[in-house]
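fold the following.
(4 chains)
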Protein chains: 2
Amino acid sequence: MQIGELARTTSTKVETIRFYEKIGLLPEPGRTAGNYRDYGAAHLARLSFIRRARDLGFTLDQVRELLALSDDRSRSCTAVDSVARAHLAQIDQKIADLRALRRELDELIGQCSQGAISDCRIIEALGPPSNARH
Amino acid sequence: MQIGELARTTSTKVETIRFYEKIGLLPEPGRTAGNYRDYGAAHLARLSFIRRARDLGFTLDQVRELLALSDDRSRSCTAVDSVARAHLAQIDQKIADLRALRRELDELIGQCSQGAISDCRIIEALGPPSNARH
DNA sequence: CTTGACCCTATAGTTGCTACAGGCTGCATA
DNA sequence: TATGCAGCCTGTAGCAACTATAGGGTCAAG
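Alright, predicted model coming up:
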């Protein structure tokens, strides 16, 4: 299987696959006579794993950790669980932050009366705390 | 006012201020005899504006746009409003994405029975679609 | 035998900063 | 006067996680 096919089956860009190889996330495959990368089922499995984890928002470092854990199949699942839980907490934090931000922005927009910039509440709200603006 | 003081009053790092100058977001200030940057009230106002907008999650490009709009005080506020609304839509999208992700991850974690990795539902769920894994 | 799709390497760009390295300036203190 | 130290200067490299480009080689079909 050459890189293009692997890319298509995993919905990954060719460059990204080469990038994963360069940073040591995906093992180097064998090469054909013409120096093309030649992938097998194990590569497909590993890349799928990486993509799913990335889709779930894990960072590359977290993915690396999960891969190491999954390679060591004798260990307890607890470590995997804790990586996932930590990630969940981060997501919750992000959602909370975005919601707060959304509220603020929404309020700002509600004040816009579509007048001239000089009366724009949005611009005004972004201005300096209390100083005189020339 | 020198750069350190401006940094403190706006809760910005010194390097960030120089960075904003380099990318043309903040105008170059005058210099003292010793070649130190010398800032005035206008700089403070502009940097405050930038920081507030950034805190609200606007990208630097959006900030640039808002700054340009606010400089042209005769124009209608409508353009500002639309930048803000576009940003709001982006935030809503992000929140929705994160919520979907949260749900999925939560489900995954719920299945973890703390057994050995070989039985780990998380690792399993991250694996390839349906193929035989060696 | 040429076209075109695919592959190769290596490097630079993206966003929004942050962190050096190596060197001045300016003020206080011994 | 010397010296120390905080603060400033420039320039460059680094972070995540790719993406894009340049400049080439390979392979199958027509």
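
phi, psi of whatever residue of chain A ends up closest to DNA strand D?
At 2.2 Å from DNA strand D, residue A:34 is the closest residue in chain A, using C-beta to the nearest atom of the strand. C-beta coordinates here come from the backbone N, C-alpha and C atoms, glycine included. Main-chain dihedrals, residue A:34, degrees, to the nearest 10: phi -90, psi 10.

which non-adjacent residue is nearest the residue sitting nearest the centre point of chain A?
Nearest to the geometric centre of chain A sits residue A:57, at 4.6 Å (C-alpha atoms, centre = their mean). Nearest in space to residue A:57, with sequence neighbours left out and distances taken as C-beta to C-beta, 6 or more residues apart in numbering or on different chains, is residue B:101 at 5.4 Å.

for the one you found, give its distance to residue B:5.
Residue B:101 is 42 Å from residue B:5, where distance means C-beta to C-beta, to the nearest Å.

and those two? which has more neighbours close in?
In terms of neighbours (other C-beta atoms under 10 Å in any protein chain shown), residue B:101 is the more surrounded of residue B:101 and residue B:5; the figures are 18 against 11.

element containing the more buried one, please.
helix B:78-110 (DSSP states H and E).

now for residue A:103, how many residues are close by?
10.

count of residues packed around residue A:47?
Residue A:47: 23 neighbours (other C-beta under 10 Å).

ditto for residue A:26
Neighbour count of residue A:26, defined by other C-beta under 10 Å: 21.

can you get me a residue count around residue A:107?
11.

just the pLDDT at it, thanks.
Predicted confidence (pLDDT) for residue A:107: 84.

measure it to residue A:79 for me?
Taking C-beta to C-beta, one finds residue A:107 at 43 Å from residue A:79.

break chain A down into its domains, please.
A:3-75, A:93-134 (automatic domain parsing).

which one of those domains lies nearest to DNA strand C?
domain A:3-75 (2.5 Å).

let me see the mean pLDDT of the closest one.
Per-residue scores along domain A:3-75 average to 92.

is DNA strand C within reach of that domain?
Yes - Domain A:3-75 is in contact with DNA strand C by C-beta under 7 Å from any atom of the strand, via A:3-5, A:7, A:14-15, A:18, A:35-37.
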